[in-house]
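Participant: with the sequence up front, the predicted model follows.
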Amino acid sequence: MTETRAEIRLPTQDLSKDLPFFTKTLKMRLDMIYPADNPEIAVFSGHGLRLRVEKGAPEGPGTLRILTEAPEEFADGERVLIAPNGTRVEIDELKPPLVLPKTEHAFVVRRLADQAPWVIGRAGMAYRDLVPTRLGGAMIASHIRVPDGPVPDMVHFHKVGFQLIFCVRGWVDVLYEDQGGMRRLTAGDCFIQPPEIRHRVMHAADGIEVIEIGVPAEHITEIDHQMTLPTPNERPDREWQGQKFVHSLAKDGVFEPFRIPGFEARDTTICENTKGVASVMVARPTQEDAPWTSHDCDILFNFVLAGEMTLEGEGKDPFRLSAGDAFVIPPDMATRYRGATTDLQLLEVSLPGRFETEVLRD
């Protein structure tokens, strides 16, 4: 096989000063230097990089980011350094802790009829933002259309605190780490993707649409180039950061009285399998109007799957909602669901999974 290498070139005016910086301070290996009598080019390697430092090179000095599990032990604990040749060097965490921003509570209504833009995201999928404020970065809710046919996806994982995929229509096939063979998600079904579980979207039906909830709003997706799916072992009880994989099937759901009188709901078992991190329910009315209620949940997101209803909020104009609309109710705000059609179905996602609802007097 023909060997191929890649280098990043950086400029210098005085190579003699850069040599000790890259080898001693940055702990890189000197692989090449020439000409011998008056060196003008040196090649260093280390930390997954190969650098060519060249006297008089036309490029700017640039920025290097070195990620390490112990930044306090690297370069005497300095987090930003400037090399003699002007290159900025940033030392950062290899595995930074997940930061969950404080929720900026707001009453949010996002209607499909308002023509919110669809944008093309990862793997050619179209995304519609359901909570533009992101509640201060606390969460992201996306309405996603997946192109039909094979999906150009790779084995990947997300650095998240919680992630839900709920199928609105159509179907999609996905492979998950340690969960056996192909998993098919159909309308009304959902997956919880525990933090950092490896997975790959394989094939989608024409017209597939899903709702994806991610906490926090900004999170990293990493490609795993080593793992091949499916993995050889099926481990249904495995936990990732305390959460289990859930594949909830709509056909197996049992409806029971909901937290709001006048509604019933089926539980997806996500609260139990995330140890209370989140709850996912599908609710439907048993009567046309529900009473005024309030709650103490940090994040309470709803998406209208089918049917219609009027959402009334304290001090707000009423909103007539239909399929494709979404809303967020902040804690301690009085709201009421009225004029529900018999075919109404609501997807309710709450974080945390357990919270109190108070039924208020009119």
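Facilitator: Okay, I see it. Numbers count the residues shown, from 1 in each chain.
Participant: not counting its own residues, what contacts the lengthiest helix in the chain?
Facilitator: The longest helix of the chain (DSSP state H) is helix 15-20. Helix 15-20 is contacted by residues 12, 30, 33, 39-42, 53, 55, 83-85 when judged by C-beta atoms under 8 Å, 6 or more residues apart in numbering. C-betas here are computed from N, CA, C, even on glycine.
Participant: of these - the most surrounded one?
Facilitator: residue 53 (28 neighbours; other C-beta atoms under 10 Å).
Participant: and it, which helix or strand is it part of?
Facilitator: strand 49-55 (DSSP states H and E).
Participant: export the next helix-or-strand element following that strand to PDB, keeping only CA atoms.
Facilitator: Scanning forward in sequence from strand 49-55 by DSSP H and E, the next helix or strand is strand 63-68. Only the C-alpha atoms of strand 63-68 are listed here, as PDB (Å, rounded to 0.1, in the frame of the first residue of the first chain):
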ATOM      1  CA  THR A  63      -4.200  28.300  16.200                       C
ATOM      2  CA  LEU A  64      -3.500  24.800  17.600                       C
ATOM      3  CA  ARG A  65      -5.900  23.200  20.100                       C
ATOM      4  CA  ILE A  66      -4.400  20.400  22.200                       C
ATOM      5  CA  LEU A  67      -7.000  18.400  24.200                       C
ATOM      6  CA  THR A  68      -5.800  16.400  27.200                       C
END
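Participant: what mean pLDDT does the helix or strand that strand 63-68 is followed by get?
Facilitator: Of the helices and strands lying after strand 63-68 in sequence (DSSP H and E), the nearest is strand 80-82. The average pLDDT for strand 80-82 rounds to 97.
Participant: likewise for stretch 334-344?
Facilitator: 97.
Participant: can you check stretch 24-36 too?
Facilitator: For stretch 24-36, the mean pLDDT works out to 95.
Participant: and that stretch, which residues are buried?
Facilitator: By 16 or more other C-beta atoms under 10 Å, the buried positions in stretch 24-36 come out as 26, 28.
Participant: ok, the most centrally placed residue in the chain - contacts?
Facilitator: The centroid of the chain falls nearest to residue 214 when counting by C-alpha atoms, centre = their mean (4.3 Å). Contacts for residue 214 (C-beta under 8 Å, 6+ apart) come out as 139-142, 158, 160, 162-163.
Participant: 6 Å instead, please
Facilitator: 140, 160, 163 (C-beta atoms under 6 Å, 6 or more residues apart in numbering).
Participant: mark which of these are part of strands, please.
Facilitator: 140, 163 (DSSP state E).
Participant: return the member of the contacts of residue 214 nearest to residue 270.
Facilitator: Proximity of these to residue 270 (C-beta to C-beta) peaks at residue 163, which lies at 10.8 Å.
Participant: so that closest one sits right up against residue 194, yeah?
Facilitator: No: between residue 163 and residue 194 there is no contact under C-beta atoms under 6 Å: 7.9 Å.
Participant: of the contacts of residue 214, which is the nearest to residue 328?
Facilitator: Using C-beta to C-beta, the contacts of residue 214 come closest to residue 328 at residue 140, 11.9 Å.
Participant: that concludes my questions; thank you for your assistance.
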